[in-house]
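Visitor: pasting the sequence and the predicted coordinates here, then a few questions.
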Amino acid sequence: MCTCNAGHTGPGDACSACAEGSYKANAGSEACGLCEAGKYSDQEGSLACIECGRHSTSDSGATGCMCVPGYTGVGAACTACLAGKYKTTRGSTDCTDCGAGKYSASTAASDESACLECPAGKYSGVIGAYNEGVCLDCPVGTYHAENQGGATSADVCIKCEAGKFSSISGATDESACIGTPCSACADTS
């Protein structure tokens, strides 16, 4: 009676090659085994599965590898998402830019939480910003409240009340506006 070669399975002389995503290391009629998670086989008749490259992974029985979250590319050519970007899923999809009003200095970010809001008193319309330096101060004579970070334009900067002025750029509170409001000025005349 004949036995199947390694990489093949079946009874007697009716041997067939192990399918992609599976392997068989020894001769005999045993079934082919699935490649375990983190390994793959992209050819029929494989004797062993190949380890996925750095920053990539696979499911059991895979015919190829995919990049882990925070990395993008194809197969073993996975590169880190650049600062200002993130990727939450496995695979070869592009990294997503941090939105306007946010920035991230982290590379290989795997969650949107890596994108930090511009602090109060600042704003940014830049998409995919990679450092806080893109966050611009609200102009003098305005302020932007502390609980309202992540502003995307100077439109959020609130003008000081009539008769008051702030000489501080990037003010985070109305208390930066000093002087006497015009309504009080009118009462003293």
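Guide: Perfect, thanks for sending it.

Visitor: nearest residue to Thr142 in space, please, no chain neighbours.
Guide: Spatial nearest neighbour of Thr142, excluding adjacent residues (Cβ to Cβ, 6 or more residues apart in numbering): Cys157 at 3.8 Å. C-beta: built from backbone N, CA, C; applies to glycine.

Visitor: residues touching the one you found, list them.
Guide: 123, 138-139, 142-144, 151 (Cβ atoms under 8 Å, 6 or more residues apart in numbering).

Visitor: would you write out the PyMOL command that picks the buried residues out of those residues?
Guide: Entered in PyMOL, the line below selects the buried ones among those, by 16 or more other Cβ atoms under 10 Å:
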select buried, resi 123+138+142+143+144+151
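
Visitor: confidence-wise, which helix or strand of this structure is lowest on average?
Guide: Ranking every helix and strand in the chain by mean pLDDT, DSSP states H and E puts helix 182-187 at the bottom, with a mean of 49.

Visitor: ok, back up a step: kindly state the pLDDT recorded for the residue nearest to Thr142?
Guide: Note for Cys157: predicted pLDDT of 92.

Visitor: next step: the contacts of Cys157 restricted to strands.
Guide: 123, 142-143 (DSSP state E).

Visitor: and these, which is closest to Thr96?
Guide: Nearest to Thr96, judged by Cβ to Cβ, of the ones in strands among the contacts of Cys157 is Tyr123 at 20.9 Å.

Visitor: next one: that closest one from Gly170, what distance?
Guide: 10 Å (Cβ to Cβ, to the nearest Å).

Visitor: identify the contacts common to these two.
Guide: Jointly contacting Tyr123 and Gly170 under the rule Cβ under 8 Å, 6+ apart are Cys138.

Visitor: closest to the centroid, which residue in the protein?
Guide: With distances taken as Cα atoms, centre = their mean, the residue of the chain nearest its centroid is Tyr86 (1.6 Å).

Visitor: does it touch Asp111 like I think?
Guide: Yes: taking contacts as Cβ atoms under 8 Å, Tyr86 lies within contact range of Asp111: 6.2 Å.

Visitor: show me the shaky parts of this structure.
Guide: 1, 12, 75-76, 146-148, 181-189 (pLDDT under 70).

Visitor: how is the protein divided into domains?
Guide: 1-63, 66-117, 135-187 (automatic domain parsing).

Visitor: what residues are up against Leu82?
Guide: By Cβ under 8 Å, 6+ apart, Leu82 lies in contact with 95, 107, 130.
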